[in-house]
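Visitor: only geometry, no sequence info:
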């Protein structure tokens, strides 16, 4: 079940030979369950670092990250990524080339009974409009189809939160516009809470219910889009 996301006074920094280098400072965000946010800003503003901290790949220097009632990160608590119930979609798709589309989708379901894996995989392939493509390998799929398989794989374990790290940037303009709308429709149809990172304002406004503008490690604006939220 999707859960609300809350970042409270979040500060992040990298260790360097000269000491800590601050990347994100005093960031606050409240995203209701079932809604989509976009962190929008230029390269180097800290938005991807925020995504990595939510996923559990970066420690918190100050503040905390909560998903629903669960504390994921603080100065005293750091749940490992595999315990967070957070899914991720990457820019590179990261599909396993030696596995079929169906096997890629089922990869995160390995601990479930085989019958449950098959049923969940079939449901997700149908959800992303690729019900007949389960036996094809990634190299046999278009870029847009690969991205939809990556989405199905990320959704397979039913994460409380889905993180999307500029997932449309490698696509041509027409496919990017179409897939942005399609993926938004799928996420809203399933009630999935999600956070997108993007540097494209048009994409942010097409995809998200809320847009957080970041500059130099700070949130300088948080806007709910009335046509979406």
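Guide: On my side now, so go ahead. No experiment lies behind these values; they were computed from the predicted model shown.
Visitor: State the number of residues packed around the nearest residue to residue 33 once chain neighbours are set aside.
Guide: Leaving aside its sequence neighbours, residue 33 sits nearest to residue 4 (Cβ to Cβ, 6 or more residues apart in numbering; 4.5 Å). Heads up, the C-betas are built off the backbone N, CA and C, glycines and all. Residues lying near residue 4 (other Cβ atoms under 10 Å) number 17.
Visitor: What of the one 10 residues further on?
Guide: Other residues within reach of residue 14 by the criterion other Cβ under 10 Å amount to 11.
Visitor: can you check residue 224 too?
Guide: There are 13 residues near residue 224, going by other Cβ under 10 Å.
Visitor: That one contacts residue 208, doesn't it?
Guide: No - checked against Cβ atoms under 8 Å, the pair residue 224 and residue 208 is beyond contact range at 9.5 Å.
Visitor: Need the contact partners of the strand or helix carrying residue 64.
Guide: In this structure, residue 64 sits in strand 62-67 according to DSSP states H and E. Outside strand 62-67, the residues that touch it by Cβ atoms under 8 Å, 6 or more residues apart in numbering are 3-11, 26-27, 53-54, 71-75, 77, 84-86, 160-161.
Visitor: Just the ones of these in strands?
Guide: Counting by DSSP state E, the part of the contacts of strand 62-67 found in strands is 5-11, 26-27, 71-73, 86, 161.
Visitor: The strand holding residue 64 - what's its average pLDDT?
Guide: Strand 62-67 shows a mean pLDDT of 98.
Visitor: Below-threshold pLDDT in the protein: ranges please.
Guide: 1, 93, 227-229 (pLDDT under 70).
Visitor: which residue is nearest the middle of it?
Guide: residue 163 (1.2 Å; Cα atoms, centre = their mean).
Visitor: Tell me the buried residues in stretch 62-79?
Guide: Across stretch 62-79, burial judged by 16 or more other Cβ atoms under 10 Å covers 62-68, 72-74, 78-79.
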